[in-house]
Each structure stands twice: as structure tokens, then as C-alpha cells.
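Q: Okay, predicted coordinates and the sequence, questions at the end:
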Amino acid sequence: MITKDVIIIGGGPAGLCAAKMLSDQDVSVLLVDRDHHLGGQLVKQTHKFFGSEKQYAKNRGFEIADILIKDIINKPNIEVLLGATVAGLYKDHVMTVVKDEKYYKYKAKAFIIATGASEKSLAFENNDLPGIYGAGAIQTLMNAYGIVPEEEVLMVGSGNIGLIVSYQLLQAGVKVKGIVEAAPYVGGYKVHASKLKRLGVPFYMQHTVKRAIGSDHLEAVEIVRLTDDFQEVDSDTKIIETKALCIAVGLSPLSQLLGMMEVDMKYVKELGGLVPVLNNLNQTSNPNLFACGDVGGIEEASSAMMEGYIAGLGVLKHLERPHPKHDELLHMYHHELELLRNSAYGEKTLAGLKKLRGGPYAE
Amino acid sequence: MLNKTGIPTKEMVSSKFPSEETLVKPKAILECYEAIPCNPCATSCPFDAIVIEDGLTAIPQLLTDKCTGCGQCVTACPGLAITVCQIVNKKALFKIPYEFLPYPQKGEIWHGLNRGGGIICEAEIKNVIANKSKTALVTVIIDQEYLHDFVTIMRK
Amino acid sequence: MRIKTHPILSFPDKLDVPFYFEGQLMMGKEGDMIAFALHDNGIKTLSKSLKLHRPRGFYCGIGNCSQCKMRVDDVDNVRTCITPLKANMRIEIQKDKGGIK
């Protein structure tokens, strides 16, 4: 059994910011990530980020990852464990980890869960054929590993991920055959849609995938028109030949470890699925357990960073070593979150948070 | 309309363009139609010519008199929604952001595209400035009649 | 196919890494994850479903969906999308649920 002060599970933007907050106040941290690099999903984001300077706006995602990692990588009080999958988290504050086919047990005074989210899938005939990928996988393949996914891709989903990955596919020299969207309107930022429209990418609005066609591999996709209340119009279908279908229909929080700890959770559609109930210090109903980033509700890296700092402040207070500027910083980060959520897109998050915590959710 | 198609209407586009008289000098065209938390255009302007009312989310407005058409905002905008425009001798000079390889070369003639991706005119490449943010600034010349239609270029 | 030039990213040349897929010699690059090296070699089917033996490839690419599980150097159920490729690895499609040896 190895004992640590604080263990952070997940080395993406939320986990990295929490680690910095704690390390700067001389708390020793173990940062665990199952991948072989820190930075989470930021490392494959090649587009410039929105937001304000506090969230490193104007920088490309992978540049922001570099900044956050540089901030913590040589700190003597931060130990990083990569390629390490957390297998379990137990109520006696024991965490089990599998790394290099060995099994380790850790104990800590406090845990921060920053495990992020995972791609949702879409139900249609033959949706398990090779050639059908989550948008994140396509992004990983081309941006992180420099491998062309296929010569052409059909994208499903016009939220920010679908739009951004489509643009990145064009930059990698891949033809985007179109974007299939069930709703009558584009889901993501209009500037992302405009970038694609002016490059001639067709948008198949009010359509969904009826079935994938192929035996060993995807060969073509049949899309079907939808009515305003999302009913399939069987007579109005179209077959699009493509060797790759990219599914970008949303993310789901990876909240399994929180489930193991049996903290109060709620299913909130606006936040992406099953999420923990958190107070204004990002603390769960188990006082030793905190959560930040997408695992608490699907948003963006910009919010994940702010929540990571807040969780750090929360853990400091919990360990009875509050940050000397606790109130001032807490107020500042919550204010930043408010600003980030102050748009038509933020309204969905705010509605979700209201459902989750009731009323103005800051206690 | 923008919601459903990703293409702004003619009225929306022309509302972002200053008058022809003003465009005798180069000015930024901020084609940002949606209020989202994002302010690199305003923070990167060396002349404080871009104003965002609440500092972050409101749609940015150009203070035309202060704008020198330097193009810093063009490469700063994460949405690639800004160009710089100037009218000279019945031609329109545009500085546009460009993020594909290979870059155009000075002197080449490319297709000029409208916001729906349609080819509408010829665009002569006047200059290409690469920058370390990897968004190149490309200066093109088109006929003035395409002022409100032209938005980007495609290799012939 | 590897991306040679990219407007935003740079992909420096990397060392070749030989490996075996179902006994056949293939080449990957240093730093590849197994599933992606296979993809570059045109191998898209990584596993088969248990009852109907339907072909499956990777879906999420970050270690969640488990469609990419393969037998690597006689170890079953390796999530090949998050496991680095090493020289002379022997990679096979699992015929069954696999087990712990």
C-alpha cells in the first residue's frame, strides 16, 4: 500500500490545473493518467481556442496542453504516473492501479476525479463495422499520430466537435463528403460552420444515418430524412459512398469511479449523462472526493481549467491548509465560469446545473 | 438562416462592411454574428479599434476611425471570421486568413469563392505572410463588384 | 498513409518499428499505438464479436470502448489503441474472450 496526500485521476486540463493549485501550496500530489502523455484531449486539438486570456484563448489546443504541462512537470512535489489505468476506487480511500501488467494499491487523504468523457455512439444497422469511428479517434489518428484516416469521411453531428474535426480533416487532405445533422439547425458555433460552407462541404440537415453498408468494412452509408419531430421519412433516403463514417453526437461523462464511491449522482441530459452532485468547491457528497472537468458535465477545456483550480482550492480547504487567498480566488474562478457560460451555448449547461443542484448553484 | 445553413444573408454581410468611401483605407471586416465568450480580436488589436461591450461575449464592434487594417485580428480570430478590405481603382484588396498547404504564391491566380463555396471570380495573389501562429495572411485582388460576395480562395 | 506536411502540425521522421500481425511482418513507427500502426498497414479489423464473429475496429481511440482488444505477445485483451508498439511484438486477433495466463 502506497500512501499519498492527494491523488488526481486524469491528467487533462482539469487535472493539470488542480495539480498546479495544490503543488503551489506545497501539497504533494500523485497525478495518474491511463494514456502515455499528459494533456488529455487538448494534445490533438489543432484549432485556436475561444474564451479569454485566462483560458489561453487564441492558442491552439496542443499549445495550451504544453503550457499546462510545463507548469507542473518538474515540480518535485508532483509525481506523474502514465500508462496507468485506475481499476477501482473504494470507500476506504484505496485506489487500485494497473500499470505494465502490475497491480498497485494506493491510499490518499483526498481524491480529485478528472477523468473527462467518452464519445457517445449512434444506433443504426451495422453500426459496428470497421470504418466507423468516434470523432475523437479520427482526431487522435491524424493529429497525434500523423496517420491519414481514409481518403474521404462522412461526418455525423454538427456540434462543435463535428464541425472542428471536419475542418481538421480538410487540413489533413481528407475529403469531407458531408455533415449529417438530425436537427434543422447547426449545433455548434456558426463561425465553424461558415468555415466549412465556404469550402463547399455539404450539410445534410434533418437527416440521420439509417444504416451502414459493407461486409468486412464500411463501403457506404444510407441516410434518411427526418421530420421536425425527428421521425424518419422512409421514402426519402440517400446512399453516400464512403470508407469512413465519423460519429460526433456528443460526449458522456466517464463517471464510473464516482459510481464506485457511491456519491450522490443524477442523470442530467443537458450535462451529458450521469454526473455527481457538487458544491461550489467541486466537492462531492463524500467530503474526501472532488470532481472537475467534463466528468462533472460536458463543457469545454476552458471551463475544465477553471474547475480544476476550484477543486484544488476545495482540497486545500478540506486538508485544513486553505489557500491564503481562498475567497478571492474562488470568487474569481466562479466569475470566469459565469462569463464562459454567458451565451446561448452556456444556457444549456446552466439549465443542467440548475436541474442538478437546484437554484443558483453556488452555495 | 445562419443557424440553418451556416451562411449569413446578404444583409448580414453588408452590415459588417463600412461605406465605400471609408474603404479607401484598409479596414477590418468582423464577420462575427454570434455572441460567444471570445475576445482575442479585441485583445490583439494594437490600436484598441475593436470593442466588445461586456469584455468577452458581446459581438465585437469595429471603431472604424481607429482601425489601420494591420491584420493582427485576422490571424488572431479563432473562428477565422475576420478579413481586411480596401477598395483601390475598382478593385477590392482583401487580406484573408489561410490554413491549408501548400500556401498560394505571389502572382498566382486562384478561384475566388463565396460563402456557400461557389466559384465567383478570379483572385490574384498579391502577398502571402506566414506567421508563427500558423495562420497565413494572404492578400488577394478581386474585382470590386464581388466585394460582398467574396470570402476565400481555392487553387485552380 | 502518413501525413508528410500539415499546415499546423509538424510530423518529424520517426524510426521504423517492425512487428508481426498474424505472423506477417509489418512496419510501424516509433511512438505509434498498436491499433494505429495496424491502421496504417491497412488492417482495420482488430477483433471479432463473440457470437456472430462480426468484424470490429477501434471506435473511441482512447481506451474506453474495448473494440480494439487484441492478443499481444500471448497476452489477451490488450487495448491496442492505448498500448505503445514495441519492436517484434506479435499481434493477433483474439478468437474468444481471452483469459489470464
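A: Here it is on my side, so go on.

Q: which residues in the chain form helices?
A: Reading this off chain A. A:13-24, A:61-73, A:135-139, A:160-171, A:190-197, A:256-260, A:301-318, A:326-340, A:344-357 (DSSP state H).

Q: meant chain C, my bad for not saying
A: Under DSSP H, chain C gives helices at C:34-40.

Q: Kindly report the same for chain B.
A: B:2-5, B:10-16, B:40-44, B:72-76.

Q: right, and A:I64 touches A:H47 too?
A: No: counting by C-beta atoms under 8 Å, A:I64 sits too far from A:H47 to count as a contact (11.0 Å). Any C-beta I mention is one placed from the backbone N, CA and C, and that applies to glycine too.

Q: In chain B, which strand is the longest?
A: Longest strand of chain B, by residue count under DSSP state E: strand B:119-129.

Q: Quick one: mean pLDDT over that strand.
A: Taken as a whole, strand B:119-129 carries a mean pLDDT of 97.

Q: counting contacts, what elements does that strand pack onto?
A: Judged by 3 or more C-beta pairs under 8 Å, 6 or more residues apart in numbering or on different chains; DSSP states H and E, strand B:119-129 is in contact with strand B:109-114, strand B:136-143, strand B:150-154.

Q: could these go into a markdown table alongside distance to A:K58, mean neighbour count and mean pLDDT?
A: A markdown table is the format used below for these (distance: least, C-beta to C-beta, whole Å; neighbours: other C-beta atoms under 10 Å in any protein chain shown; pLDDT from 0 to 100):
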| stretch | distance to A:K58 | mean neighbour count | mean pLDDT |
| --- | --- | --- | --- |
| strand B:109-114 | 26 | 19 | 97 |
| strand B:136-143 | 15 | 21 | 96 |
| strand B:150-154 | 21 | 23 | 96 |
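
Q: Rebuild these as a markdown table, extending it with distance to chain C.
A: A markdown table is the format used below for the helices and strands packed on strand B:119-129 (distance: least, C-beta to the nearest C-beta, whole Å):
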| stretch | distance to chain C |
| --- | --- |
| strand B:109-114 | 16 |
| strand B:136-143 | 8 |
| strand B:150-154 | 14 |
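
Q: quick revisit: out of the helices of chain A, which comes closest to C:C68?
A: Proximity to C:C68 (C-beta to C-beta) singles out helix A:135-139 among those, at 9.4 Å.

Q: Show me the shaky parts of chain B.
A: Within chain B, the segments meeting pLDDT under 70 span B:1.

Q: Would you quantify the distance from the residue nearest to A:L199 when sequence neighbours are not counted to A:S194?
A: In this structure, A:L199 finds its nearest non-sequential neighbour in B:G117, 5.8 Å apart by C-beta to C-beta, 6 or more residues apart in numbering or on different chains. Per C-beta to C-beta, to the nearest Å, B:G117 is found 10 Å from A:S194.

Q: For the closest residue to C:A37 other than its chain neighbours, give me its contacts.
A: Residue nearest to C:A37 in three dimensions, not counting chain neighbours: C:G28, with 3.1 Å by C-beta to C-beta, 6+ apart. For C:G28, the contacting residues are C:D16, C:V17, C:P18, C:F19, C:I34, C:A37, C:D40, C:N41, C:L85, by C-beta atoms under 8 Å, 6 or more residues apart in numbering or on different chains.

Q: returning to what we had before: compare the helices of chain A and give me the one nearest A:A182.
A: Among these, helix A:160-171 comes nearest to A:A182, with 11.4 Å by C-beta to C-beta.

Q: elements contacting the closest one?
A: helix A:135-139, strand A:152-156, strand A:175-181, helix A:190-197, strand A:245-247.

Q: can you put those in TSV and add distance to A:K70?
A: Shown next, in TSV, are the helices and strands packed on helix A:160-171 (distance: least, C-beta to C-beta, whole Å):
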stretch	distance to A:K70
helix A:135-139	23
strand A:152-156	33
strand A:175-181	34
helix A:190-197	28
strand A:245-247	32
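
Q: circling back: for the residue nearest to C:A37, give the beta-bridge partners.
A: C:V17 (DSSP bridges).

Q: Can you report how many residues neighbour A:F49?
A: Around A:F49 there are 21 other residues, counting by other C-beta atoms under 10 Å in any protein chain shown.

Q: which one is it nearest to, not counting chain neighbours?
A: Leaving aside its chain neighbours, A:F49 sits nearest to A:A57 (5.5 Å; criterion: C-beta to C-beta, 6+ apart).

Q: can I assume the one you found is in contact with B:C38?
A: Yes: the criterion here is C-beta under 8 Å, and A:A57 meets it with B:C38 at 6.5 Å.

Q: what touches both of these two?
A: Common neighbours of A:A57 and B:C38 (C-beta under 8 Å, 6+ apart) are A:F50, A:G51, B:P78.

Q: Return the entry from those with the maximum number of neighbours.
A: Going by other C-beta under 10 Å, A:G51 tops those with 26 neighbours.

Q: residues from chain B in reach of chain C?
A: B:E99, B:F100, B:L101, B:P102, B:K134 (C-beta under 8 Å from any C-beta of the partner chain).

Q: Enumerate every residue touching the fourth one.
A: Put plainly, it is B:P102. The contact partners of B:P102, taken as C-beta under 8 Å, 6+ apart, are C:T5.

Q: Provide the backbone phi and psi angles at it.
A: Dihedral pair for B:P102: phi -80, psi 150, per degrees, to the nearest 10.

Q: Buried among the residues of chain B next to chain C? Need that as a selection in ChimeraX.
A: In ChimeraX syntax, the buried subset of these is picked out as below (16 or more other C-beta atoms under 10 Å in any protein chain shown):
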select /B:99,100,134
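
Q: Output the residues of chain B next to chain C in a markdown table; the columns should cover distance to A:L122.
A: Below are these laid out as a markdown table (distance: C-beta to C-beta, whole Å):
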| residue | distance to A:L122 |
| --- | --- |
| B:E99 | 29 |
| B:F100 | 30 |
| B:L101 | 33 |
| B:P102 | 36 |
| B:K134 | 33 |
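
Q: Pull out the buried positions in stretch A:82-91.
A: Buried, per 16+ other C-beta under 10 Å, within stretch A:82-91: A:G83, A:A84, A:T85, A:V86, A:L89.

Q: before we move on, what about stretch C:37-51?
A: Quick answer for stretch C:37-51 (16+ other C-beta under 10 Å): C:A37, C:L38, C:H39, C:D40, C:I43, C:K44, C:T45, C:L46, C:S47.

Q: Identify the farthest-apart pair in those.
A: Every pair of the buried residues of stretch C:37-51 checked by C-beta to C-beta; the farthest is C:D40 and C:S47, at 18.1 Å.

Q: Which of the helices of chain A sits closest to A:N286?
A: Of all those, helix A:256-260 comes closest under C-beta to C-beta, at 9.0 Å.

Q: buried set for the closest one?
A: Within helix A:256-260, the residues that qualify as buried by neighbour count (16+ other C-beta under 10 Å) are A:L257, A:L258.

Q: Check stretch C:52-59 too.
A: Residues of stretch C:52-59 classed as buried under the neighbour-count rule (16+ other C-beta under 10 Å) are C:R54, C:P55, C:R56, C:G57, C:F58, C:Y59.

Q: Understood, closing this out.
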